[in-house]
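Visitor: No letters, just coordinates:
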């Protein structure tokens, strides 16, 4: 890495090691973001709400020095930084803020690896995700809103009330991921 650029990077972790990686990075005072979502699991005798990773095996880290970068590579449970060719994957600050809003305020949030066909383009007009463009997809007979996170090649599915949506007239005017 010839020159270091501060910002948000992605660390890929071993399966189910995300919390361990975050814990170790926080000990070194590295700013981390590990989005989770609540899920209700049914056992024979009870139901339990658990927190699951929104993006399994990914941890977002905000690096401000080359030392923090190298420390992130050496953390137990981390396999390395995500890269595309020779370039390390970087996230923009606004993308992290939008993922944080989705994780905190979204109802029934799920992440999908599936590729969906292009549907009707809409704009979210109310709530914490106001202004984002989205696509309507039909999953299990319910309308869901598909908000794309292109960098991770994943899709975030969120359920919204119909009054929170309007038809998009100007594609360039709406914010997207």
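Guide: Structure received. Because the structure is a prediction, the values reported are computed rather than measured.
Visitor: Do a quick rundown of the helices in this protein.
Guide: Taking DSSP state H, the helices of the chain run over residues 18-27, 66-74, 93-105.
Visitor: In a markdown table: these, plus mean neighbour count.
Guide: (C-beta placed from N, C-alpha, C; glycine too.) As requested, the helices of the chain are exported to a markdown table (neighbours: other C-beta atoms under 10 Å):
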| stretch | mean neighbour count |
| --- | --- |
| helix 18-27 | 18 |
| helix 66-74 | 15 |
| helix 93-105 | 15 |
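Visitor: To residue 5, which of the ones you listed lies closest?
Guide: Among the helices of the chain, helix 66-74 comes nearest to residue 5, with 9.9 Å by C-beta to C-beta.
Visitor: Okay, residue 23 and residue 166: tell me how far apart.
Guide: Separation of residue 23 from residue 166 (C-beta to C-beta, to the nearest Å) stands at 43 Å.
Visitor: same question, residue 61
Guide: Relative to residue 166, and taking C-beta to C-beta, residue 61 is found at 36 Å.
Visitor: Between the two, which is the more surrounded one?
Guide: A direct count of neighbours by other C-beta atoms under 10 Å for residue 61 and residue 166 places residue 61 higher, at 25 against 12.
Visitor: what's across from the more buried one in the sheet?
Guide: residue 9, residue 32 (DSSP bridges).
Visitor: correct me, but it touches residue 12?
Guide: No: checked against C-beta atoms under 8 Å, the pair residue 61 and residue 12 is beyond contact range at 11.4 Å.
Visitor: and the residue of the chain most remote from its centre, what is it in contact with?
Guide: The centre of the chain is farthest from one residue, residue 45, which by C-alpha atoms, centre = their mean lies 32.6 Å away. Residue 45 makes no contacts at all, as judged by C-beta atoms under 8 Å, 6 or more residues apart in numbering.
Visitor: neighbours around the closest residue to residue 110 other than its chain neighbours, how many?
Guide: Of all residues not flanking residue 110 in the chain, residue 157 sits nearest, at 4.6 Å (C-beta to C-beta, 6 or more residues apart in numbering). The number of residues packed near residue 157 is 19, by other C-beta under 10 Å.
Visitor: wouldn't residue 157 be in contact with residue 134 here?
Guide: No: Residue 157 lies out of contact with residue 134 (C-beta under 8 Å); the separation is 10.0 Å.
Visitor: and the gap between the spatially most central residue of the chain and residue 60?
Guide: The centroid of the chain falls nearest to residue 99 when counting by C-alpha atoms, centre = their mean (4.9 Å). For residue 99, the distance to residue 60 equals 8 Å [C-beta to C-beta].
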